[in-house]
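> missing the sequence, but the structure's below:
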């Protein structure tokens, strides 16, 4: 009929697969360049150097880039075990936000009772708990009644956001309608700067988490169970895996990590809480994790890619006096291309037999 | 009494964008596609309409616009914008079999960014002398109501005081409900969403059904964005103004258990829940209680989601193959 049909590929060699991916990113970058030139009237080389400058231009920018990567990576690590299990947790935004809220609340209310190191531990633990609670609720319903987790976690996001709004309304500094930097003088509950670099500790913590997650998913028994449940729930049941237990346990881990992300954002960067503390990372993380095929180490690369394009295109839009949402358009286009490229890795298009004979 | 009437009127006006969005999403989901790009599509629908009418108003001057063209141009550009978004989604998820959740979220990132970018930069790009995007003249054409609405008292206000797009939303939902449940096309569509392999074996062109319904769904959802900006916001674009209404529309789909007819009432209900914080107050609590009231639509959706999953009634479940790509050779 159509003259061609589509078949599944056996297994593409990894370097070929990466060539396809890199090719698709380059193609996406080309489209982005065309869009940018059309909208700004600058020449493409200039646009590219501006992007690089926006991401790497100064030492401060490099640190901000690294911090951005680390935070996005942290949330991506959090969602990965759930996704590997085919549990579509799109509620990382809310889970991390609840973690951040817990940290901020600790900083505000139990500020000076403990030495700072103990304070940080208390904050990290409460944040992780808050994240885990927010994550385990949909997991319980999924495990018990097979309630659709995508929609459940999505709704939990907005409940978390309103919860934070409520908190901010009640405890807003003065009449400002927002919470100012907490403990600006005593720095209680602030992650310490190592060697004067305020983001360094964040980055180290996330790197350690990355390694742990890689080992957990690849070499632990629980990681194996996650993979089996993700491949086929029936197989998992057949070989005696307690599926509800795995679902709940994995979502707790997911929530704990989201809580850490919230903690790092509040304690290690913003030192305050707002509705936008997580800044959409909960959603972007899904793409980071998926693009990396749920491999934590590859996720360093994919989060770098997305943060680079974000920072770079914000710089371009600022220079041209355009709206910063420009970066979302660029990010969207790049992701479309990477998503599309997966098809060419997993499938191949073949001409129909008959036509081959005829020619 | 006047306050109640006013509340209902405003609930309906809030509900119309939600109804467009949820009708579009119901159609899409019935074909087996969970389109999380709906919020982005609604933004694109809104801004595409704004772009169309912006250039039209620029060309002829706001004072001497032709009311018919002022409505039809943004309507067409809006539909074109959402159609392109729908095509992107379809191409990636149907033809290239990409993951629907990831594609949808990317579409939302892209669409919201697209809306806010052009909302914030349209004037600069077009070199216009306007200080801000205020399409009051166009909005006035969109807002034209039936002439006898105000002479009919309360009933007139409640039933006839809305602009034409509000009635379009209801009619579209009714038609969608009829097609889904009472026609052969609807039967085929539901078969595609429940079990594409069976539908395929029965000779239904699965991919064509998926493409057509998802694109129609996108166009319908985009109209919700157009209604919001032209009618509710009086033609004034403000970045992020549309807010999270797109996600609420996705929520209504669950609430309405995938039935457009129920979505009509659900949208009005959610429209009411969306603004109820303006009308109620808890004694002893100040303005902060409003933030808790804003949770209501999401909480209600959660409760419905939980109850429908517990009852396990077959009619009120999501389409069985929702979220899964169909690969014929995989059977």
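Good, I have the coordinates. None of these values were measured; they are calculated from a predicted model.
> contact residues of the stretch 51-200 of chain A facing chain B?
Taking Cβ under 8 Å from any Cβ of the partner chain, the part of the stretch 51-200 of chain A that reaches chain B is made up of A:88, A:90, A:141, A:145-148, A:150-152, A:154-156, A:158-159, A:162-163, A:165-166, A:169-170. No exception for glycine: its C-beta is placed from N, CA and C like everyone else's.
> what about the residues you listed, which are in helices?
For these, the ones inside helices are A:141, A:145, A:150-152, A:154-156, A:158-159, A:162-163, A:165-166, A:169-170, with DSSP state H as the criterion.
> show the buried residues in those residues.
Among those, those classed as buried by neighbour count (16 or more other Cβ atoms under 10 Å in any protein chain shown) are A:141, A:150-152, A:154-156, A:158-159, A:162-163, A:165-166, A:169.
> now pLDDT and distance to residue B:319 too, for the residues you listed, in JSON lines please.
Below are these laid out as JSON lines (pLDDT from 0 to 100; distance: Cβ to Cβ, whole Å):
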{"residue": "A:141", "pLDDT": "94", "distance to residue B:319": "20"}
{"residue": "A:150", "pLDDT": "87", "distance to residue B:319": "14"}
{"residue": "A:151", "pLDDT": "85", "distance to residue B:319": "13"}
{"residue": "A:152", "pLDDT": "91", "distance to residue B:319": "17"}
{"residue": "A:154", "pLDDT": "90", "distance to residue B:319": "18"}
{"residue": "A:155", "pLDDT": "90", "distance to residue B:319": "20"}
{"residue": "A:156", "pLDDT": "94", "distance to residue B:319": "23"}
{"residue": "A:158", "pLDDT": "91", "distance to residue B:319": "24"}
{"residue": "A:159", "pLDDT": "94", "distance to residue B:319": "26"}
{"residue": "A:162", "pLDDT": "92", "distance to residue B:319": "30"}
{"residue": "A:163", "pLDDT": "92", "distance to residue B:319": "32"}
{"residue": "A:165", "pLDDT": "91", "distance to residue B:319": "34"}
{"residue": "A:166", "pLDDT": "91", "distance to residue B:319": "36"}
{"residue": "A:169", "pLDDT": "87", "distance to residue B:319": "40"}
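> now distance to residue A:342 too, for those residues, in JSON lines please.
Listed next are those as JSON lines, based on distance: Cβ to Cβ, whole Å:
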{"residue": "A:141", "distance to residue A:342": "31"}
{"residue": "A:150", "distance to residue A:342": "20"}
{"residue": "A:151", "distance to residue A:342": "25"}
{"residue": "A:152", "distance to residue A:342": "27"}
{"residue": "A:154", "distance to residue A:342": "24"}
{"residue": "A:155", "distance to residue A:342": "29"}
{"residue": "A:156", "distance to residue A:342": "29"}
{"residue": "A:158", "distance to residue A:342": "30"}
{"residue": "A:159", "distance to residue A:342": "33"}
{"residue": "A:162", "distance to residue A:342": "36"}
{"residue": "A:163", "distance to residue A:342": "37"}
{"residue": "A:165", "distance to residue A:342": "38"}
{"residue": "A:166", "distance to residue A:342": "41"}
{"residue": "A:169", "distance to residue A:342": "44"}
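> start from the N-terminal end of the chain and give the helices.
Chain wasn't specified; assuming chain A. Using DSSP H, helices in chain A cover A:14-40, A:44-56, A:59-84, A:92-109, A:116-145, A:149-171, A:200-219, A:221-231, A:233-238, A:243-265, A:281-291, A:296-319, A:326-346, A:353-358.
> I was after chain B.
Under DSSP H, chain B gives helices at B:2-30, B:38-60, B:67-90, B:100-126, B:136-142, B:153-160, B:164-182, B:184-194, B:196-201, B:206-227, B:245-255, B:260-275, B:289-293, B:296-311.
> any chance of those in CSV, plus mean neighbour count?
Listed next are those as CSV, based on neighbours: other Cβ atoms under 10 Å in any protein chain shown:
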stretch, mean neighbour count
helix B:2-30, 24
helix B:38-60, 27
helix B:67-90, 21
helix B:100-126, 24
helix B:136-142, 20
helix B:153-160, 14
helix B:164-182, 18
helix B:184-194, 19
helix B:196-201, 17
helix B:206-227, 25
helix B:245-255, 26
helix B:260-275, 22
helix B:289-293, 19
helix B:296-311, 19
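> among those helices, which gets the worst mean confidence?
Looking at those, the lowest mean pLDDT belongs to helix B:153-160 (a mean of 76).
> sorry, back to before: ok, the buried ones among the ones in helices among the residues of the stretch 51-200 of chain A next to chain B vs residue A:206, which is closest?
Set against residue A:206, the nearest of those by Cβ to Cβ is residue A:156 (23.7 Å).
> the closest one and residue A:133 touch, don't they?
No: using Cβ atoms under 8 Å, residue A:156 is not in contact with residue A:133, being 10.4 Å away.
> which one of the helices of chain B lies nearest to residue A:320?
Across these (criterion: Cβ to Cβ), the nearest stretch is helix B:100-126, sitting at 8.2 Å.
> now that closest one and helix A:296-319, what's the angle there?
20 degrees (axes from the mean of the first three to the mean of the last three Cα atoms, to 10 degrees).
> ok, helix B:100-126 near chain A or not?
Yes: counting by Cβ under 8 Å from any Cβ, chain A has neighbours in helix B:100-126: B:101-103, B:105-121, B:124-125.
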